[in-house]
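Asks: any chance you can model this:
(one chain, ligands or ions: 2)
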Amino acid sequence: MKPAKPPKPLLPGRGVDGRPVTLGVMGGGQLGRMFVHAAQAMGYATAVLDLDPQSPAGLVSHHHIQTSYLDEVGLAQLAATSHAITTEFENVPAAALLALARTRPVAPAASAVSIAQDRAAEKAHFVRCGVPCAPFAVLENATQLAQVDANLLPGVLKTSRMGYDGKGQVRVKNRAELAKAWAQLKRVPCVFEKMLALKAECSVILARGADGACVNLPLQVNTHRDGILAFSEVYKGNMPDVLVKQALLAAKSIANELVYVGVLCVEFFVISGESSQSGAAKKAPDRLIVNEIAPRPHNSGHYSLDACDVSQFELQVRAMAGLPLTQPRQHSPAIMLNLLGDIWPKTGEPKWDKVLALPGTHLHLYGKTEARAGRKMGHLTITGKTVGKVQATAALAAKLLGIAPLAH
Ligand code: ADP
Ligand code: MG
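Replies: Ligands and ions are numbered 1, 2, ... in the order given. Take a look at the predicted model:
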């Protein structure tokens with residue numbers, strides 16, 4: 001198919017309407033905040049729509065529209081203020097994005113976001129793309145519950161919508177636990193996935209333009225604890241080349257099939273060849289399984305702010321503004337540690353001065369005042385000349401902050 005003629009790029013500065021060119025974002029969380037920083041660094045004005053007056057992105061944006069995502073007045077105000085609009089939150093209702101798209105360019109489109117926000121639709125998309133995912137069943141009624149294949153047990157029951165950071169998920173061993181778990185999740189539509197023995201997890205972040213051009217960040221290797229990303233490691237050799245290539249191809253085909261415009265993250269599981277082909281005389285190669293997609297920049301790509309010449313947030317700006325997408329170059333090996341509310345002392349702040357005394361540490365805090373367990377308050381990126389140096393510094397920083405050692 002011939003790529004569509006790219007729209008005229010939206011350059012920073014004064015627009016044809018005489019106003020500063022303004023980029024709008026649905027959602028005011030930390031991803032929105034880092035998007036706002038990137039857009040402002042490039043000379044754009046910004047507008048954020050988020051109900052919370054203290055939202056991390058709202059606090060730093062030129063305009064902050066404090067309404068819910070479906071508020072007609074708020075949406076009209078965002079459309080009137082912004083020259084183009086993106087999203088930082090995958091659960092923004094598709095209807096809101098469609099309403100905005102009537103008057104302004106919106107990237108990614110509602111059609112792509114609505115697939116990413118529904119696990120059943122997302123898996124159907126993976127099947128369409130011929131990219132393997134974990135064996136699963138859709139669970140929406142009692143008949144489907146009774147018919148769940150015994151081979152899927154033990155498994156993970158996940159709500160189809162609104163899950164994040166391991167929330168809306170229950171691990172079950174048998175049918176009785178499955179029925180109980182579904183009741184616990186209020187019998188909302190779910191997918192039930194076979195529990196896989198994960199050798200590793202990784203993700204690919206790419207940006208695709210309206211003309212179909214596609215660039216990507218290097219592959220991130222991710223370690224989760226309690227369903228929440230704990231740290232990401234990004235350097236050459238963190239994953240065998242053959243798997244890196246497979247992951248990239250799969251991510252690109254998922255984006256192309258969606259005719260995606262914007263930044264997309266694709267999460268993968270690595271399954272050991274042994275567990276996938278038990279009893280085989282010769283060890284089978286490790287396999288990649290796609291887990292889920294996020295229609296926006298991703299926590300695992302935060303290191304790109306400090307370790308790459310183009311960050312995932314700059315890519316988001318470029319893609320939505322129709323600017324050229326250049327292939328990012330990682331100039332330093334990196335480890336990104338998430339800073340969860342758990343590490344905050346009862347009073348005061350963690351010892352940032354001690355951490356920042358370590359060379360190559362980059363602190364990012366999201367401006368959240370209340371530190372709760374499991375809440376993402378910020379992240380710390382560690383860069384350095386060699387992988388060994390980065391690992392040693394990350395281990396010291398983790399120790400200073402009371403983060404468990406960075407074992408996989
Ligand atoms: P979320 O939207 O909360 O990120 P995920 O589906 O990515 O949901 O699940 C969170 C984490 O739980 C994954 O990164 C992985 O560590 C673990 N997990 C999820 N599904 C499975 C599975 N089928 N088998 C093994 N571990 C899983
Ligand atoms: Mg996930």
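Asks: pull the number of nearby residues for the residue lying closest to Glu72 once chain neighbours are set aside.
Replies: On the basis of CB to CB, 6 or more residues apart in numbering, the spatially nearest residue to Glu72 that is not a chain neighbour turns out to be Ala99, at 7.7 Å. For the C-beta atoms, the positions are set from N, CA and C on the backbone; glycine is no exception. By the criterion of other CB atoms under 10 Å, Ala99 has 18 neighbours.
Asks: now swap in Asn238 and tell me
Replies: 17.
Asks: same thing with Leu70?
Replies: Counted with other CB under 10 Å, residues neighbouring Leu70 total 12.
Asks: that one and ligand 1: what is the separation?
Replies: Look at Leu70 and ligand 1: by CB to the nearest ligand atom, to the nearest Å, they are 22 Å apart.
Asks: ok so, going back, so the residue nearest to Glu72, which of the three states?
Replies: Secondary structure for Ala99, judged by DSSP: H, G, I helix; E, B strand; the rest coil, is helix.
Asks: double-check it against Leu75; I have them as touching.
Replies: Yes: at 5.2 Å, Ala99 counts as touching Leu75 under the criterion of CB atoms under 8 Å.
Asks: overlap in contacts, those two.
Replies: By CB atoms under 8 Å, 6 or more residues apart in numbering, Ala99 and Leu75 have no common neighbours.
Asks: which helix in this protein runs the most residues?
Replies: Looking across the chain with DSSP state H, the single longest helix is helix 241-257.
Asks: partner residues bridging the nearest residue to Leu325 once chain neighbours are set aside?
Replies: Distances taken as CB to CB, 6+ apart put Val215 closest to Leu325, at 4.7 Å, once the chain neighbours are dropped. For Val215, the beta-bridge partners are Ala207 (DSSP bridges).
Asks: so what's the residue count around Leu339?
Replies: That count, for Leu339 with other CB under 10 Å as the rule, works out to 23.
Asks: how is the chain divided into domains?
Replies: As given by automatic domain parsing, the domain ranges for the chain are 22-106, 135-194, 198-401.
Asks: kindly reformat these as TSV containing distance to Ala124 and mean pLDDT.
Replies: Below are the domains of the chain laid out as TSV (distance: least, CB to CB, whole Å; pLDDT from 0 to 100):
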stretch	distance to Ala124	mean pLDDT
domain 22-106	16	97
domain 135-194	9	93
domain 198-401	11	95
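Asks: which among those domains is found nearest to Phe126?
Replies: Among these, the nearest to Phe126 by CB to CB is domain 198-401 (5.3 Å).
Asks: contact partners for the nearest residue to Phe136 once chain neighbours are set aside?
Replies: Excluding the flanking residues, the one nearest Phe136 by CB to CB, 6+ apart is Glu193, at 4.6 Å. The neighbours of Glu193, taking CB under 8 Å, 6+ apart as the test, are 134-136, 152, 155-156, 158.
Asks: then Glu193 would be within a strand, right?
Replies: Yes: using three-state DSSP, the assignment for Glu193 is a strand.
Asks: how about the secondary structure of Pro56?
Replies: Pro56 ends up coil, using three-state DSSP.
Asks: count of residues packed around it?
Replies: 27.
Asks: got it, and Asp17?
Replies: Close neighbours of Asp17, defined as other CB under 10 Å, add up to 8.
Asks: I'd say Asp165 and Leu340 touch.
Replies: No: counting by CB under 8 Å, Asp165 does not reach Leu340; the two are 9.7 Å apart.
Asks: so for the two, which sits in the more crowded spot?
Replies: More crowded of Asp165 and Leu340, by other CB under 10 Å: Leu340, with 23 against 16.
Asks: ok, the residue nearest to the spatial centre of the chain - contacts?
Replies: Most central in the chain under CA atoms, centre = their mean is His298, positioned 2.7 Å from the mean C-alpha point. Neighbour list for His298: 203, 205, 265, 267, 312 [criterion: CB under 8 Å, 6+ apart].
Asks: just Ser332 next, same as before
Replies: 306-307, 360, 383-385, 390.
Asks: one more pass at 10 Å, please.
Replies: Counting by CB atoms under 10 Å, 6 or more residues apart in numbering, Ser332 makes contact with 234-235, 303, 306-308, 360, 381-386, 389-390.
Asks: circling back: hey, C-alpha coordinates of the longest helix of the chain in CSV?
Replies: Listed next in CSV are the C-alpha coordinates belonging to helix 241-257 (Å, rounded to 0.1, in the frame of the first residue of the first chain):
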residue,chain,number,x,y,z
ASP,A,241,20.5,-10.9,19.1
VAL,A,242,18.1,-13.4,17.6
LEU,A,243,15.4,-12.5,20.2
VAL,A,244,16.1,-8.8,19.8
LYS,A,245,15.4,-9.1,16.1
GLN,A,246,12.3,-11.2,16.6
ALA,A,247,11.0,-8.7,19.2
LEU,A,248,11.5,-5.8,16.8
LEU,A,249,9.9,-7.5,13.9
ALA,A,250,6.9,-8.5,16.0
ALA,A,251,6.6,-4.9,17.4
LYS,A,252,6.7,-3.4,13.9
SER,A,253,4.1,-5.7,12.5
ILE,A,254,1.8,-5.0,15.5
ALA,A,255,2.2,-1.2,14.8
ASN,A,256,1.8,-1.5,11.1
GLU,A,257,-1.4,-3.6,11.4
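Asks: what packs against the next helix or strand after that helix?
Replies: As assigned by DSSP states H and E, the chain's next helix or strand after helix 241-257 is strand 262-271. For strand 262-271, the elements it packs on are strand 84-87, helix 110-116, strand 198-208, strand 214-216, strand 220-225, helix 241-257, strand 287-294, helix 312-321, judged by 3 or more CB pairs under 10 Å, 6 or more residues apart in numbering; DSSP states H and E.
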